[in-house]
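Novice: Structure for this input, please:
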Amino acid sequence: MDAETLSPPLTVRVDLGARSYDILIGEGLIARSGALVAPYAAQSRAFIISDEIVWRLHGDQLSAGLSANGIQAIEYVLPAGESTKNWSQLGNVLDWLLENGAGRDDVLIAFGGGVIGDLTGLAASLLKRGMRFVQIPTTLLAQVDSSVGGKTAVNFAQGKNLVGAFYQPQLVIADTAILKTLPERERKAGYAEIIKYGLINDRPFIDWLKDHGADVLALESAAIAEAVAVSCRSKAGIVAQDEQEGGVRALLNLGHTFGHALEAVNEYRANLLHGEAVGTGMVLALRYSARLGLMSAKDAEYAVGLIAASGLETALSNVPGGPYDAAALVAAMQQDKKARAGKLPLILAKGLGESFIYPDADLQDVQAFLQEELQKS
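Specialist: Numbers count the residues shown, from 1 in each chain. You can find the predicted model right below:
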């Protein structure tokens with residue numbers, strides 16, 4: 001099927017006044033990338049940051065899509081994996097952009113997963129104090145989460161996403177057909193973020209996923225489009241209320257504080273994907289909520305069962321990179337940007353679809369809880 005006969009994409013609007021933009025969701029959008037990117041390519045060229053795997057699989061497709069509208073693709077290809085999201089690689093990208101004469105009226109395209117999107121967005125925010133930026137996310141996780149909302153960052157040894165900026169794209173192009181080349185493990189990692197939106201504030205979506213989750217993971221056309229659209233609408237609504245995470249946007253971190261700690265202690269190695277860490281992190285957040293009496297153990301385990309059904313790991317003792325140490329995990333949590341004086345805000349739950357900001361979690365108690373979880377098999 002050629003670009004002219006494909007169905008119009010679903011559109012989700014991120015409403016941020018002068019910084020508003022659309023998320024386009026559908027199959028075959030990369031083939032139409034030239035027409036979609038053209039309004040932002042003032043000089044008939046597009047700078048592209050990608051990784052070795054994505055570019056090998058899909059680089060020709062993107063280049064052809066852009067060329068169809070007379071836009072030259074100028075690419076810079078990075079190693080794949082979380083370890084690429086660092087200060088050194090950010091400097092390499094900025095050097096490359098400057099050496100190639102990139103300016104504020106040029107467009108920079110992030111063509112990859114969350115690592116590429118985060119690093120590229122930060123580079124776009126810094127280059128001459130801001131250049132045009134388009135996200136073309138190629139993983140399920142990036143399509144439903146990291147490509148939307150303008151959070152950009154790189155990692156440091158002290159923790160994840162510690163240096164970054166809020167910088168919104170001009171457009172997000174979520175081509176669901178590209179997900180068919182994803183390994184099953186990457187699909188499951190992205191599915192963790194989809195579950196998250198139900199657990200935050202959408203109980204009906206939790207029940208829909210119980211019935212249709214297998215179809216989403218199998219990338220059945222209607223199911224994956226629905227799951228991506230619901231997820232993006234959920235995130236767009238929260239971001240519109242709180243663009244720079246001064247309040248309600250923190251709800252999007254459900255499972256992330258625990259998950260980021262696992263990633264940091266594991267030194268961001270490829271044996272633990274971000275979405276996998278978030279999946280286990282949500283299990284920990286739910287069980288800690290039950291431990292504090294905030295939600296029933298029955299509801300917590302219902303959600304844990306939904307996570308387990310996707311193949312994500314729900315036992316802390318079995319997370320790749322272990323065995324983990326409770327004290328080391330808490331030490332990593334203390335590097336969180338919001339930690340202070342032995343207290344840390346956590347996103348916990350009062351019930352299914354009823355997440356909230358718990359402002360002052362006692363990290364000593366959290367450590368005792370983690371120790372208990374590590375002793376379970």
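Novice: which ones are touching Leu254?
Specialist: When contacts are counted by CB atoms under 8 Å, 6 or more residues apart in numbering, Leu254 is found next to 196, 199-200, 282, 285, 347, 349, 355. Quick note: C-beta positions are derived from backbone N, CA and C, even for glycine.
Novice: Could you dump the residues you listed into JSON lines with secondary structure added?
Specialist: Rendered in JSON lines, the data for the contacts of Leu254 read as follows (DSSP: H, G, I helix; E, B strand; the rest coil):
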{"residue": "Lys196", "secondary structure": "helix"}
{"residue": "Leu199", "secondary structure": "helix"}
{"residue": "Ile200", "secondary structure": "helix"}
{"residue": "Met282", "secondary structure": "helix"}
{"residue": "Ala285", "secondary structure": "helix"}
{"residue": "Ile347", "secondary structure": "strand"}
{"residue": "Ala349", "secondary structure": "strand"}
{"residue": "Ser355", "secondary structure": "strand"}
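Novice: can you redo these as CSV with distance to Asp207, neighbour count and pLDDT?
Specialist: Compiled in CSV, those are given as follows (distance: CB to CB, whole Å; neighbours: other CB atoms under 10 Å; pLDDT from 0 to 100):
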residue, distance to Asp207, neighbour count, pLDDT
Lys196, 15, 29, 98
Leu199, 12, 27, 98
Ile200, 15, 22, 98
Met282, 17, 29, 98
Ala285, 20, 28, 98
Ile347, 21, 25, 97
Ala349, 16, 24, 98
Ser355, 16, 27, 98
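Novice: roughly how far is stretch 308-323 from the heart of the chain?
Specialist: Using CA atoms, centre = their mean, to the nearest Å, we find the averaged C-alpha position of stretch 308-323 to lie 19 Å away from the chain's own average C-alpha position.
Novice: That one: end-to-end distance?
Specialist: Terminal residues of stretch 308-323 lie 20 Å apart, using CA to CA, to the nearest Å.
Novice: isn't Ala308 right up against Tyr302?
Specialist: No. Taking CB atoms under 8 Å as the contact criterion, Ala308 and Tyr302 are not neighbours in contact, 10.8 Å apart.
Novice: Point out where the stretch 201-350 of the chain drops to low pLDDT.
Specialist: When residues are selected by pLDDT under 70, those of the stretch 201-350 of the chain lie in 337-338, 340-341.
Novice: so who does the closest residue to Phe111 other than its chain neighbours touch?
Specialist: The shortest distance from Phe111 to any non-neighbouring residue, by CB to CB, 6 or more residues apart in numbering, is to Ser50 (4.3 Å). Residues in contact with Ser50 (CB under 8 Å, 6+ apart) are 59, 75-78, 111-112, 116.
Novice: Mind telling me what element Ser50 is part of?
Specialist: In this structure, Ser50 sits in strand 45-51 according to DSSP states H and E.
Novice: Counting neighbours, what do you get for Asp211?
Specialist: Asp211 is flanked by 9 other residues according to other CB atoms under 10 Å.
Novice: Grab the nearest non-local neighbour of Thr152.
Specialist: Computed as CB to CB, 6+ apart, the closest residue to Thr152 that is not its neighbour in sequence is Gly121, at 3.4 Å.
Novice: Please read the previous query as pertaining to Ala68.
Specialist: On the basis of CB to CB, 6+ apart, the spatially nearest residue to Ala68 that is not a chain neighbour turns out to be Gly34, at 4.6 Å.
Novice: Distance check, the one you found against Val134.
Specialist: From Gly34 across to Val134, the span is 12 Å (CB to CB, to the nearest Å).
Novice: Between the two, which is the more surrounded one?
Specialist: For Gly34 against Val134, the residue with the higher neighbour count under other CB under 10 Å is Val134, and the figures read 25 against 22.
Novice: So what touches the longest helix along the chain?
Specialist: Among the segments of the chain that qualify as a helix by DSSP state H, the longest is helix 221-241. Contacts made with helix 221-241 from outside it, assessed by CB under 8 Å, 6+ apart, are listed as 10, 12-16, 23, 25-27, 140, 143-145, 148-150, 174, 176, 179, 193-194, 197, 200-202, 205, 209, 212, 215-216, 247-249, 251-252.
Novice: among those, which ones are buried?
Specialist: When the contacts of helix 221-241 are checked for burial by 16 or more other CB atoms under 10 Å, the buried set is 10, 12, 14, 23, 25-27, 140, 143-145, 148-150, 174, 176, 179, 193-194, 197, 200-202, 205, 209, 212, 215-216, 248-249, 251-252.
Novice: Next, name the residue at the spatial heart of the protein.
Specialist: The residue lying closest to the centre of the chain (CA atoms, centre = their mean) is Ser146, at 2.9 Å.
Novice: quick one: contacts for it?
Specialist: For Ser146, the contacting residues are 113-114, 117-118, 137, by CB under 8 Å, 6+ apart.
Novice: Mind doing that once more with 7 Å?
Specialist: Residues near Ser146 by CB atoms under 7 Å, 6 or more residues apart in numbering: 114, 117-118.
Novice: Ile357 should be in a helix, yeah?
Specialist: No. Counting by three-state DSSP, Ile357 is located in no helix; its state is strand.
Novice: On the pLDDT front, check Lys160 for me.
Specialist: Reported pLDDT at Lys160 in the predicted model: 82.
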